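[1] Below is the sequence, then the predicted model.
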Amino acid sequence: MTTSPALRTCGGRSGHKESAGISVVSQRLPSHTSTTLRQRRLRRRRRRRRQKRGCRGGAREKLIQAPHRAPLPSLLLANVRSLAHKMNELRLWDTTSNKITETNIMFFTETWLRDGVPDCAVGLQGRHCIRSDRTADCSKSRGGGLCICINRSCCTDNLTIAKHCSANIEFLMVKNRPFYLPREFNSIITIAAYIPPDANAKLAMTELHAAISNQQTQHPETAFIIAGDFNHSNLKTVLAKFYQHVSCPKRGDKTHVYTIIKEAYKALPLPELDQSDHISRFLLPKYHPLMMQVKPSVKSVKVWPEGADFKLQHRLHTNWSDFAVTDTVDPHTDIDSYTSSVLDYIKNNINDIATIKRITIFPNQKP
């Protein structure tokens, strides 16, 4: 019995013929079209691989991942010119910007606060604010004033060391013990300073130099951070070992940040706070701890095993007069030869009993 050609296309072999037909059609495509498709597939693979490879690094990314575990605290410096009138915008920054919310320490100069303004009026949620208002010791009754706001997630141990207000300079010193701090520092002293435009720069630097030198003598292992509006003054004229980190100056703007660590911060400009005539600055910590800068060294030391004291006592229980007899020349004993022979005998016994152990010494390890 013969089958028709129509019935031959039915059954399980029809799909095979259809797939074969599709492959034939694909083979009939122009060569440049297939090459273009192949290039697109390779390009997609490369893009996917490039996006997934590695991880983002840098000081900014590390600060985002762990904002309160940086080697040095992140800073915000602003000349506010009346802090009470800028609180609405400052609170808006604090609630909408993650960079401002996670900032560890804020410095405000020219707060223009008086005793009649309570702390709750200029306080920020989750921060400990320390203020130093202008007093009658200054020749002026208006203007001036300093404030330091410290994030409680970073530090809760804060101690006000000094408050100074004169006709030439105002400064506020606060000692901080953050939760996380490199081993080479035992604390941080933050200093907010303001020098009026008509002040005597030489006298102002003399007063600030005396206060900082006194604290450096009392706290030699402390990191100093000095921030404020210096106007026509420069701290490096009296403290040459300090470094200035604000590299984005504005015309007529002399807000500076000084530390004793080279390349400790990177300054980033921020908008003016409301109607202030000074731009704000965010300082990103770039300091690498000493443990990451220097490689650890390996040292060999002698270790006394268990029961070494009894072994050493047994070996040293000897007749020491035998050494004197061997070192006697005529009727006299050579004291130098006698001493060296005794010491060599003791040293050899110690080397036989003690074991050598290799230990790793890190650069930030305390003695």
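    Noted; the coordinates are in hand.

[2] Doesn't Thr36 lie inside a helix?
    Yes - when classified by DSSP: H, G, I helix; E, B strand; the rest coil, Thr36 is found to be part of a helix.

[3] neighbours around it, how many?
    Neighbour count for Thr36, taken as other CB atoms under 10 Å: 11. Every C-beta, even on glycine, is put in place using the N, C-alpha and C of the backbone.

[4] got a list of what it touches?
    By CB atoms under 8 Å, 6 or more residues apart in numbering, Thr36 lies in contact with nothing.

[5] measure it to Ile105 for me?
    The gap separating Thr36 from Ile105 is 57 Å, by CB to CB, to the nearest Å.

[6] same thing with Asn214?
    According to CB to CB, Asn214 and Ile105 sit 22 Å apart.

[7] So Arg281 belongs to a helix, correct?
    No - counting by three-state DSSP, Arg281 is not found in a helix; it is strand.

[8] So Arg281 is in contact with Tyr265, correct?
    No - with contact defined as CB atoms under 8 Å, Arg281 does not count as touching Tyr265 (9.7 Å).

[9] So for the two, which residues contact both of them?
    Val257.

[10] can you give me the strands for the stretch 101-250 of the chain?
    105-109, 127-132, 146-151, 157-165, 170-177, 187-194, 222-229, 243-244 (DSSP state E, counting those that start in this stretch).

[11] Now do the domain split for the chain, please.
    Per automatic domain parsing, the domain ranges recorded for the chain read 59-293, 297-361.

[12] So Leu76, which state does it fall into?
    strand.

[13] Buried deepest among the strands of the stretch 101-250 of the chain, which one?
    strand 105-109 (a mean of 27; mean count of other CB atoms under 10 Å).

[14] what packs against that one?
    For strand 105-109, the packing partners by 3 or more CB pairs under 8 Å, 6 or more residues apart in numbering; DSSP states H and E come out as strand 75-79, strand 146-151, strand 187-194, strand 222-229.

[15] In JSON lines: those strands, plus distance to Thr160 and mean pLDDT.
    Output for the helices and strands packed on strand 105-109, formatted as JSON lines (distance: least, CB to CB, whole Å; pLDDT from 0 to 100):
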{"stretch": "strand 75-79", "distance to Thr160": "18", "mean pLDDT": "94"}
{"stretch": "strand 146-151", "distance to Thr160": "9", "mean pLDDT": "96"}
{"stretch": "strand 187-194", "distance to Thr160": "11", "mean pLDDT": "96"}
{"stretch": "strand 222-229", "distance to Thr160": "15", "mean pLDDT": "96"}
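
[16] and the residue most central in space within the chain, what helix or strand is that in?
    Centroid check for the chain by CA atoms, centre = their mean gives Pro71 as the closest residue, at 2.2 Å. Assessed by DSSP states H and E, Pro71 sits outside every helix and strand.

[17] Can you pull out the low-pLDDT segments for the stretch 51-200 of the chain?
    51-57 (pLDDT under 70).

[18] sorry, back to before: dump the strands of the stretch 101-250 of the chain into a markdown table; add distance to Ser139 as well.
    Formatted as a markdown table, the strands of the stretch 101-250 of the chain follow (distance: least, CB to CB, whole Å):
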| stretch | distance to Ser139 |
| --- | --- |
| strand 105-109 | 18 |
| strand 127-132 | 17 |
| strand 146-151 | 17 |
| strand 157-165 | 10 |
| strand 170-177 | 12 |
| strand 187-194 | 14 |
| strand 222-229 | 18 |
| strand 243-244 | 28 |
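
[19] Can you tell me how far the nearest residue to Thr333 once chain neighbours are set aside is from Gln313?
    Using CB to CB, 6 or more residues apart in numbering and skipping the chain neighbours, the partner closest in space to Thr333 is Ala324 (5.4 Å). Here the criterion is CB to CB. By it, Ala324 lies 22 Å from Gln313.

[20] Equivalent analysis for Lys347, please.
    16 Å.

[21] In this structure Lys163 contacts Val174, no?
    No - using CB under 8 Å, Lys163 is not in contact with Val174, being 9.7 Å away.

[22] contacting residues around the helix or strand containing Ile64?
    Ile64 belongs to helix 59-65 when elements are defined using DSSP H and E. Residues from elsewhere that reach helix 59-65 (CB under 8 Å, 6+ apart): Ala70, Ser74, Asn98, Glu102, Lys266, Leu284, Pro285, Lys286.
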